[in-house]
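Participant: Build the 3D model from these lines:
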Amino acid sequence: GRLAMRAITGMWFQDGLTGSAWGDWSLYVDSPLRAFESELGVQAPVGYFDPLGLAKDGDVDTFKRRREVELKNGRVAMFATMGYILPQYFRFPGYLSPSQKIAFSDVPNGLAAFSKVPFLGWVQIVVFCGLVDFGLYRSDPSRDPGDYENAGILGVPNASGPMSDVEGRKRKLNSELANGRLAMVAILG
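Facilitator: Residues are numbered from 1 along each chain as shown. Modelled structure (predicted):
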């Protein structure tokens with residue numbers, strides 16, 4: 001029932017765009033969605049995916065800003081996902097807070113860890129993230145989204161510079177976008 005209703009609604013929508021319920025998307029060349037079909041992150045089988053129509057106006061600056069935010073959030077989500085999995089297998093030796101006698105082994109996994117980290121520990125984390133974001137990874141409008149002057153290959157600050165292999169760089173950046181999207185979903189639980 002519901003699936004059929006969704007299918008017929010999709011067919012009506014497609015009919016409105018292409019003139020046919022079984023429409024040929026290649027005939028609909030005036031779509032504003034076509035403005036970003038050749039950008040990084042556009043991958044088969046979905047192609048360019050903008051279900052809310054946020055980029056329907058075709059504004060390149062807005063698209064670049066959103067892509068940069070997507071990359072940053074994806075990178076953070078990949079670290080967060082690793083941080084969620086890693087404590088199952090490894091704990092640092094010693095103390096998280098020597099003054100409060102909190103050992104790393106005393107900190108539980110998952111969301112329960114939030115209540116165990118002292119306030120000043122959270123301050124250190126926020127200050128570190130702010131310094132990295134506003135100091136090391138400064139946005140430059142003349143560069144691609146997520147391509148920072150101070151960062152090396154794929155954003156790792158190791159003085160490696162940009163990749164010279166254009167196809168390899170494109171493949172790795174597409175992988176980073178796909179893995180970041182997966183990590184954003186994964187960290188939601």
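
Participant: Look at the residue nearest to residue 68 when sequence neighbours are not counted and give its secondary structure.
Facilitator: Leaving aside its chain neighbours, residue 68 sits nearest to residue 145 (3.8 Å; criterion: Cβ to Cβ, 6 or more residues apart in numbering). Where you see a C-beta, it was placed from the backbone N, CA and C, and this is true even at glycine. Under DSSP: H, G, I helix; E, B strand; the rest coil, the three-state class of residue 145 is coil.

Participant: where in this protein is pLDDT low?
Facilitator: 1-35, 38, 150-163 (pLDDT under 70).

Participant: Which parts of it are strands?
Facilitator: Shown for the chain, the strands assigned by DSSP state E span residues 95-97, 102-103.

Participant: gap between the shortest one and the chain center?
Facilitator: What it means is strand 102-103. For strand 102-103, the separation from the chain centroid amounts to 33 Å (computed by Cα atoms, centre = their mean, to the nearest Å).

Participant: Pull up the pairing partners for that strand, direction included.
Facilitator: Strand 102-103 pairs in its sheet with strand 95-97 (antiparallel), by DSSP bridges.

Participant: residues in contact with the partner strand?
Facilitator: 101-104, 106-107, 116-118, 121 (Cβ atoms under 8 Å, 6 or more residues apart in numbering).
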